[in-house]
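*Asks:* Structure for this input, please:
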Amino acid sequence: MPPPKSAISDEQSAPDLEIVGNQVTIHPSGFTGGPDAQDDPITERNLVRHMARFRANPLEFLREVSLYMSGTGWRAYEDVIGQPVFYPGFGERMKSSILSSPMLQDKVRELASTRLGVEEKEGLVAIKEGANLDEKRARRRHEIESSLKEVVDTMMDNMICKMESKTFIRGAYYLCTQLLTRAYHQGIHVSSEEVLRLRSVAETAAKNKQSIVFLPCHKSHVDYVSLQLICYRLGIGLPVVVAGDNLNIPLLGPFLQHAGAMWIRRSFGNDPLYHTVVQAYIDTLLQQGFNFECFIEGGRSRTGKLLSPKFGILNFIVESVLSGRVEDTIICPVSTQYDKVIETESYISELLGQPKQKENLADLLSSSSVLSLKLGRVDVRFHEPWSLREFLTQQLSRLNLPSIGSGQKLAQAERGRILRSLGYRVLSEINDVSVMMPPALVGTVLLTLRGRGVGKGELVRRLDWLCDRVRAKGGRVAHFYRSPTEVVVERALDVLGPKLVGVISGLVEPTYYAVDRFQLSFYRNMLIHLFITEALVSVAMYTKIKQGGGPTNQRITFEALKNQVAFLSQLFRGEFIFPPEGLVTNMENTLHSLETDDVISITRDSSGVPQYVELSDAERTCGRENYDFYCFLIWPFIEASWLGAVSLVGLTPPLDGPQNIWIDNKKAQDSAQLLGKTLYYQGDLSYFEAVNKETLKNSYQRFEEEGIILVAKDKDSRAGPSLRLAPEWTPERDPKTGKVLPRGRLWDFTELIAQSRREGKNRRDGATVSSRVLTMSDIVGRQLFLNAATPAPADVSSRQMRRKAIGTESKL
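*Replies:* Numbers count the residues shown, from 1 in each chain. As a prediction, the model looks like this:
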């Protein structure tokens, strides 16, 4: 029998790990899952306690400061698992190791020779017969190499981390913990089993002089602070953290650099020397066994869900091992989840089209009131680490390619395949260990219910249902410490706050409603990956269900269902991380799961092959609440893709102007966002989240991949890429009125997306789209053409220009 359900205070519910030197003591209690006993034996601990405040208890505050400054107990950060760090001269030693890299030395000589050749060709080095010529060349070559080494030295000084003082790092730990526990008052939670496993892996890696490469997801600036605090608390060598130099601002930049930040440019441009310096630095770190951290998604996710992997730094790491310069390194995917993310308000501003503000310390600390927030907790989970060398060996064998260290260079396509496999494996494993936080669960329930609001009892019931579904899908639910669901809901609502969730009192029961649906969607997106296949099957069925009529009229043939799911899967292949088993297996598993849950009913022939799929009687009886849940998850993304496709209609050249006009890519996407806001307020768009800049950007990327639009970049200009419709996809205009005609490939493509859109008033047929919506898109597009430069970019890639626009209907 499970123990009685009871609420437990924050102080009681999060016992600490006691770590002194190599001794780790796990204090009892801790819980994963909901209010009932779970099969999962993993326990959770709060790794960071509240810190004393000077005003509340000055004596305790001063005692804590003295403990950290003197390095008492675990605070001394002695006997660290990993390579020696934090000693005077560490930075200079790293610079010396990098400079001695044969690869870097070869690059300096190569660039010097190239420059010398240019100078001789331009007559800057006099060419005369006689013995002095070789001496002059040698002298000039030496001068160029010396200049290049000075450039390298400056690059390294700006780039490498400068971990040189344990006193500094103890103070930094104390300061960061003070700040973090003021914002996240429930601390940093970890899995005891996972951190003990991580320590064991770290001990083995240290003996073999191998690095652990932490690859976390990226939602907040707090991500890297949390991981550094955990490693410090566990006595594991702090990783060198790859950070964009946009954060290298006064005061904050030097502080982070001395705490482990490695600054890199946001873009390397055409700078082979900088590229080689970065590779040599990463080689040096991995060769010497220093832990390393970079974010698999590149920048922070503004939408709450995982972004597609970025391969820049990942490519350097893979190259280090593939070349044989590094024997092996250990990969550790990391999930960091939050009750509430500090930066969500600024994210929403950016997603609605506001320019991104330049980073500065004052805004970071004051604008979010970081010193006084109570945002719940941070939850960090570590996937089981694995060998990069073993992974690469498997990939090379599968592709019939030479083994590691053979010296043979891989083709770009082959390297790309390996990097994609690595990136998506890491993302999949991050999703596997991610924990669904209570605010994300509550926000998801609020955004997937029909009606203006929901009563407290119904909110609790649907939260219990959602928790069951998360676990059934193999997901993890944040532990509730045996608290009843009502208490969990109250805590989640308290963290979300009245700006996101409102409550109407004085009714039969308190009724809650979403105040800011756009911002709440950030939390809904944290768990959408668990149900993405169910969502696609549901909106594919909706193509028939939206037609109404009796149950027989709403059933869909299995073939039609499969075709629409395949189309949507391809449409969103850059938006979501799908299970790796493939379309057929994923669809079979999903149908089986939905049928087992009594959401759908499947009619099969005598041999068991599905013929028709429809809603079950039980699902109809309960008002389609479970089926609707899956549809509501994906409908905002359907709307965004439909909006992107409709906005392309506006790129149809006017009859009275040049036909070969290229439009600035960013301006086209900004205009699509303006069009979306207009359609939303006029009732032709159901979800304001559909005007999300990132989702629209992903849609345009997908259109480019399918050849619907052609994108080109002028290498001689600082302007961004420009685009135009591919000829095969350009709609026709009425020769008399000049209006865009609702027909052709782009129209059919748009209609195929629209079939799965949520039905709304004024949209019972395609008349509205073919008239008012297309007219609105054309108005926005005409303004783009008025502002566009007439000539096409001078260096449009021949590959782009010759590229045949593939028929999306047949490919998807």
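
*Asks:* In contact with residue 198, which residues?
*Replies:* Contacts of residue 198 were listed using C-beta atoms under 8 Å, 6 or more residues apart in numbering, and they are 234, 236, 332, 382, 385. The way it works is simple: take the backbone N, C-alpha and C, and place the C-beta from them, glycine included.

*Asks:* Could you identify the longest strand within this structure?
*Replies:* Counting residues, the longest strand in the chain under DSSP state E turns out to be strand 330-338.

*Asks:* Show me what that strand packs onto, helices and strands only.
*Replies:* Helices and strands touching strand 330-338, as assessed by 3 or more C-beta pairs under 8 Å, 6 or more residues apart in numbering; DSSP states H and E, comprise helix 192-207, strand 212-216, helix 222-234, strand 378-382, strand 386-387, helix 388-398, helix 412-433, strand 435-436.

*Asks:* now with 7 Å?
*Replies:* Judged by 3 or more C-beta pairs under 7 Å, 6 or more residues apart in numbering; DSSP states H and E, the packing partners of strand 330-338 are strand 212-216, helix 222-234, strand 378-382, helix 412-433.

*Asks:* Need the contact partners of the second one.
*Replies:* To tie it back to what came earlier, the one meant is helix 222-234. Contacting residues not belonging to helix 222-234 are listed as 19, 47-48, 77, 173, 176-177, 180, 188, 190, 195, 199, 214, 216, 237-239, 241, 259-260, 293, 334, 336, 342, 378, 380 [C-beta atoms under 7 Å, 6 or more residues apart in numbering].

*Asks:* distance between the longest helix along the chain and the chain's centre?
*Replies:* Of all the segments assigned as helix in the chain under DSSP state H, the longest by residue count is helix 132-159. Taking C-alpha atoms, centre = their mean, to the nearest Å, one finds helix 132-159 lying 41 Å from the centre of the chain it belongs to.

*Asks:* same check, this time on stretch 601-617
*Replies:* Stretch 601-617 has its average C-alpha position 38 Å from the chain's average C-alpha position, going by C-alpha atoms, centre = their mean.

*Asks:* now the helices and strands packed on strand 330-338 in CSV, with mean neighbour count?
*Replies:* Shown next, in CSV, are the helices and strands packed on strand 330-338 (neighbours: other C-beta atoms under 10 Å):
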stretch, mean neighbour count
strand 212-216, 25
helix 222-234, 23
strand 378-382, 25
helix 412-433, 17
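
*Asks:* Columns mean pLDDT and distance to residue 352 on top of these, output as CSV?
*Replies:* As requested, these are exported to CSV (pLDDT from 0 to 100; distance: least, C-beta to C-beta, whole Å):
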stretch, mean pLDDT, distance to residue 352
strand 212-216, 97, 27
helix 222-234, 91, 23
strand 378-382, 94, 27
helix 412-433, 94, 26
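
*Asks:* With distance to residue 510 added, can I get those in a markdown table?
*Replies:* Compiled in a markdown table, those are given as follows (distance: least, C-beta to C-beta, whole Å):
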| stretch | distance to residue 510 |
| --- | --- |
| strand 212-216 | 38 |
| helix 222-234 | 32 |
| strand 378-382 | 28 |
| helix 412-433 | 34 |
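
*Asks:* so where is this protein shaky, pLDDT-wise?
*Replies:* Low-confidence segments of the chain, defined by pLDDT under 70, span residues 1-42, 49-64, 68-74, 125-131, 356-372, 480-482, 715-718, 760-768, 789-812.

*Asks:* domains for it, by residue range?
*Replies:* In the assignment given by automatic domain parsing, the structural domains of the chain cover 42-56+77-81+163-239+291-433, 90-159, 435-526, 529-623, 628-811.

*Asks:* okay if I get those domains as CSV plus distance to residue 245?
*Replies:* Shown next, in CSV, are the domains of the chain (distance: least, C-beta to C-beta, whole Å):
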stretch, distance to residue 245
domain 42-56+77-81+163-239+291-433, 10
domain 90-159, 8
domain 435-526, 27
domain 529-623, 27
domain 628-811, 19
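
*Asks:* Now do the strands in the stretch 701-812 of the chain.
*Replies:* Along the stretch 701-812 of the chain, the segments classed as strands by DSSP state E, counting those that start in this stretch run 709-712, 722-725.

*Asks:* who does the last one pair up with?
*Replies:* Right, strand 722-725. The partner list of strand 722-725 in its sheet, established with DSSP bridges, is strand 663-664 (antiparallel), strand 709-712 (antiparallel).

*Asks:* ok now it, how far from the chain's centre?
*Replies:* Relative to its chain's centre, strand 722-725 lies at 27 Å (C-alpha atoms, centre = their mean).

*Asks:* which residues are in contact with it?
*Replies:* Applying C-beta under 7 Å, 6+ apart, the external contacts of strand 722-725 come out as 648, 651-652, 661-665, 668, 709-712, 793.

*Asks:* same thing but 6 Å
*Replies:* Under the criterion C-beta atoms under 6 Å, 6 or more residues apart in numbering, residues 651, 662, 663, 664, 665, 709, 710, 711, 712 lie in contact with strand 722-725.

*Asks:* So what's the residue count around the nearest residue to the fifth one once chain neighbours are set aside?
*Replies:* It refers to residue 665. Nearest-residue entry for residue 665: residue 721, 4.5 Å, with adjacent residues in sequence omitted and distances by C-beta to C-beta, 6 or more residues apart in numbering. Burial measure for residue 721: 15 neighbouring residues, criterion other C-beta atoms under 10 Å.

*Asks:* going forward, begin numbering at 31 instead of 1
*Replies:* Fine by me, first position is 31 from now on; the one you just mentioned is residue 751.

*Asks:* is it true that residue 751 touches residue 740?
*Replies:* No. At 10.2 Å, residue 751 does not count as touching residue 740 under the criterion of C-beta atoms under 6 Å.

*Asks:* circling back: nearest to residue 807, of the strands of the stretch 731-842 of the chain?
*Replies:* Shortest distance between residue 807 and the strands of the stretch 731-842 of the chain, using C-beta to C-beta, is found for strand 752-755: 12.5 Å.

*Asks:* Find the nearest non-adjacent residue to residue 194, please.
*Replies:* Spatially, and ignoring its direct neighbours in sequence, residue 194 is nearest to residue 120 (4.8 Å; C-beta to C-beta, 6+ apart).

*Asks:* Can you tell me the number of residues neighbouring that neighbour?
*Replies:* 17.

*Asks:* how close does it sit to residue 317?
*Replies:* According to C-beta to C-beta, to the nearest Å, residue 120 and residue 317 sit 16 Å apart.

*Asks:* With residue 721 instead?
*Replies:* As for residue 721, its distance to residue 317 is 48 Å (criterion: C-beta to C-beta).

*Asks:* if you count what's nearby, which of these two comes out ahead?
*Replies:* Between residue 721 and residue 317, counted using other C-beta under 10 Å, residue 721 has the larger neighbour count: 26 against 18.

*Asks:* Next up, the contacts around the more buried one.
*Replies:* Counting by C-beta under 6 Å, 6+ apart, the residues that residue 721 touches are 703, 706, 707.

*Asks:* Correct me if wrong: residue 591 contacts residue 572.
*Replies:* No. Under the criterion of C-beta under 6 Å, residue 591 lies out of contact with residue 572, with a separation of 10.6 Å.
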